[in-house]
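Peer 1: Give me the fold of what follows.
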Amino acid sequence: MNGWVRPGRCGVLADVPPARVVDEAADVAACWRERAERAEGQVVELGARVAELSEQVAVLSRMLFGRSSEKNRPAPGAEDGAAEPGGSPVPDGRYLPGQGGQPARRGQRPGSRGPGRRDYSHLDTREQIHDVPAEARVCAGCAAGFELLGAETSEQIDWQVTITRIVHRRLRYRRRCACPGPRTVIAPVPAKPVGKSRFTAGFLARLLYDRYVLGLPVHRIVRSLAACGFDVAEGTVHGALKATADLLTGLEAAILARNAQAVHVHADETGWRVFEQVDGKAGHRWWLWVFLAADTVVFRMDPTRSMTVLERHFGVDRTEQALPEGRRLVLSTDFYTAYQALARMEGVDPLWCWAHIRRYFIRAGDAHVQLRHWRDRWVQRIADLYLAHRAIAAAEVGSTAHAEATDAFDQALTTMDTARQEQAALYSLHPAARKVLATLDREWDGLLRHRDFPDIDLDNNSAERALRTPVIGRKNSYGSHAEWAAHLAARVWTITATAERNHREPLTYLTEYLNACAATGGKAPEGPALDRFLPWIPDPSDTTGSRDHDPHKINPPGPSP
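Peer 2: Presented below is the predicted three-dimensional model:
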C-alpha cells in the first residue's frame, strides 16, 4: 500500500499523503503553542492579581489590626513594631532606655515630680461627722470621758444626676380701684428657648452635648434619663433636637463667615450616612467636610464630594478661577482631586500632607517583604524632615539655632529630592516602589512648598483629629435618619468645636447661648447680643468662669511621623 496509513474512524485505515500529515502536525503544534502561550499569559495575569490582592490584604490587615504607624515606629534597621533593645519609642522618633533590657513603661517616671492632687473645693460640699461610739469614748477602768483631740479629714466625690420638675405659678392680681387701666396683671411668662417645649435651656444644652459631643444615640440618652426617673419618648427627644436647630443658625453663620476668610485652613472629609431619600441624590452616602482655621472649626454636611463644596465655602467663582477680592489662602490637605483643583486657582497655596505620603511607603513595605529596608530608609528621611521642622519651631527667629534648623530642613528636602530621582531611574525597581515614587513625584511641588511656610504643620493630622468626634458618633448611630438631623449634627459640631478651640467648655457655652435665646423670647440673638457669644471675641462681662475650664482640645498634640 502506497503512502502513509493512520487509523481512521471505527478502526478503518485511511491512506494519507505525507505532506498532509506534516501540515496537520504543524497545525496541531501551532494550536498547542497557542494554548501554551495563552495559559502562560493567564498564569502571569493571575499572578499579578494574586500579588495585587495580597498587597490589599496586607494593607487592610495593618489598618484594621495593626498598630498605628504614626505612634509606634521601629528603630532604624529594626522590624515592624520592634524597638531598640532596652528602649521604647517616643513621638519624636527617639528611644527611652528601660531597666534590665526591658522597654520603659508608660506613665510617670520614678523620682519625677508629679502633678499633685487636684483641688475640688469648688464643688458643692456636704460634711458628714463620723463620731466614735459613746461607750468607746470612756475609760474602761475609771469611766473617765476622753478629751476631743481633733479630727482627720478625707473626701469622696459623689455623682448624682437629678431630673427636676419646675412648676411655674404666675401670680395674678386684680385692681381694687376704679382708676383707668388694665383690671388685672399677671407675672410674665417664664423664659423658654423653645416656646411650647417643657425643656429648659440647660436640659436642651445637655441633650445637644450628649447627642453630638459625646456621640450617644437617642435611644441611649432615653435609657439614661429613664434610669434617673424621667421616662420620655424618643420622638419627644427628636422633636426637642429639631426645635433647637433654627436657634443655632445665626451663630453657625458667623463662625462660617470668619472661617471662610481665614488665611490658613486645614481641610478634610469623611463619609456619612443619611437614611432619607433626597431628590437628586441616589443612595445614602453623604460627606462630612471639616475646615479648621486658627480660631474656628466648620463642619459641612453635603451629599457630594465634589469641588463645589470648596467653592461654596470659600466663595470661589469658577469662571474667574480665583479667590474673591484677590485674597490668598494657604490650604493644608491630602491629595484628593477636589483640593488639587482648588489649588490650581489663583491665590491658593497648597501644602500637601507629609503624613499621607509617608503612609504610602509604610503600606508598600507591609505588602512586600523585599521593600522593608527601602521603606525604612524613606521613613527615616521623612523623620529627619520632621525633626528639623520641630527644631525650627522651637528656635527663636534670627538665632543661630534657627538658621541651623532651617539648613537641616532644606538638606532633608534636598536628600529626598535626589533619592526619588535616582531611584525612579532604576530599571530593576519594584513596581510597588515605582508606584509610590510616582505619587511622590506627582505631589512633590505641594510637599516642597512647606519650605516657604516653616511655621505651618507638615501634615493634615489636625483636621483628621477634628473628625474624631463625628466618627465616634457615626459608629454609634450609623449616621442620620433625616436630612435635618445631619445638618443639625454639623451645626452643633461647628459651634462646640469652635468653642473648644477657644478654650470654652462646650456644655457651659451652649447653656449660656440657649439661655440668651430664652431671654429674647425663643429667638436667636442678633447684633451685639450675638457678638458676646463669638468665642474669638473676649467677653469682659464673662463672670461665669467658662474660660477657666481647660477642656479636651479639638486638636490635642499627638505623635507625628
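
Peer 1: can we go C-alpha only for contacts and neighbour counts from here?
Peer 2: Will do.

Peer 1: Tell me where the model's unsure across the protein.
Peer 2: Applying pLDDT under 70 to the chain flags the ranges 1-17, 69, 71-105, 539-561.

Peer 1: what are the ranges of the strands in it?
Peer 2: 4-7, 13-16, 87-89, 95-97, 172-174, 184-186, 264-273, 285-292, 297-302, 329-333, 348-352 (DSSP state E).

Peer 1: What are the contacting residues of the last one?
Peer 2: It stands for strand 348-352. With CA atoms under 8 Å, 6 or more residues apart in numbering as the test, strand 348-352 has contacts from 323, 328-335, 340, 342-343, 443, 446-447, 449-450, 458-460.

Peer 1: make it 6 Å
Peer 2: 328-334, 343, 446-447 (CA atoms under 6 Å, 6 or more residues apart in numbering).

Peer 1: quick one: Glu269 from Met416, how far?
Peer 2: Separation of Glu269 from Met416 (CA to CA, to the nearest Å): 29 Å.

Peer 1: Which one's more surrounded, the two?
Peer 2: Shown here are Glu269 and Met416; by other CA atoms under 10 Å, Glu269 has more neighbours (19 against 15).

Peer 1: give the contact list for the more buried one.
Peer 2: Here Glu269 is in contact with 288-289 (CA under 6 Å, 6+ apart).

Peer 1: go again using 8 Å as the cut-off
Peer 2: By CA under 8 Å, 6+ apart, the residues touching Glu269 are 287-290.

Peer 1: Break down the stretch 101-250 of the chain into its helices, ranges please.
Peer 2: Per DSSP state H, counting those that start in this stretch, the stretch 101-250 of the chain carries helices over the ranges 201-208, 218-227, 234-245, 249-260.

Peer 1: which one of these is the most hemmed in?
Peer 2: Counting by mean count of other CA atoms under 10 Å, helix 201-208 has the highest mean neighbour count of these, with a mean of 21.

Peer 1: Can you tell me what sits against it?
Peer 2: 192-193, 240-241, 244, 492, 507, 510-511, 514-515, 518.

Peer 1: Tabulate the helices of the stretch 101-250 of the chain in TSV, adding columns for distance to Phe314.
Peer 2: Shown next, in TSV, are those (distance: least, CA to CA, whole Å):
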stretch	distance to Phe314
helix 201-208	28
helix 218-227	34
helix 234-245	24
helix 249-260	5
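
Peer 1: who wins for proximity to Asp366 among the ones you listed?
Peer 2: Of all the helices of the stretch 101-250 of the chain, the one in closest proximity to Asp366, counting by CA to CA, is helix 249-260 (39.0 Å).

Peer 1: between that closest one and strand 329-333, how many degrees?
Peer 2: 100 degrees (axes from the mean of the first three to the mean of the last three CA atoms, to 10 degrees).

Peer 1: so what does helix 249-260 touch, helix or strand wise?
Peer 2: strand 297-302, helix 483-501 (3 or more CA pairs under 8 Å, 6 or more residues apart in numbering; DSSP states H and E).

Peer 1: closest to Leu46 out of the ones you listed?
Peer 2: Comparing the helices and strands packed on helix 249-260 by CA to CA, strand 297-302 comes nearest, at 40.2 Å.
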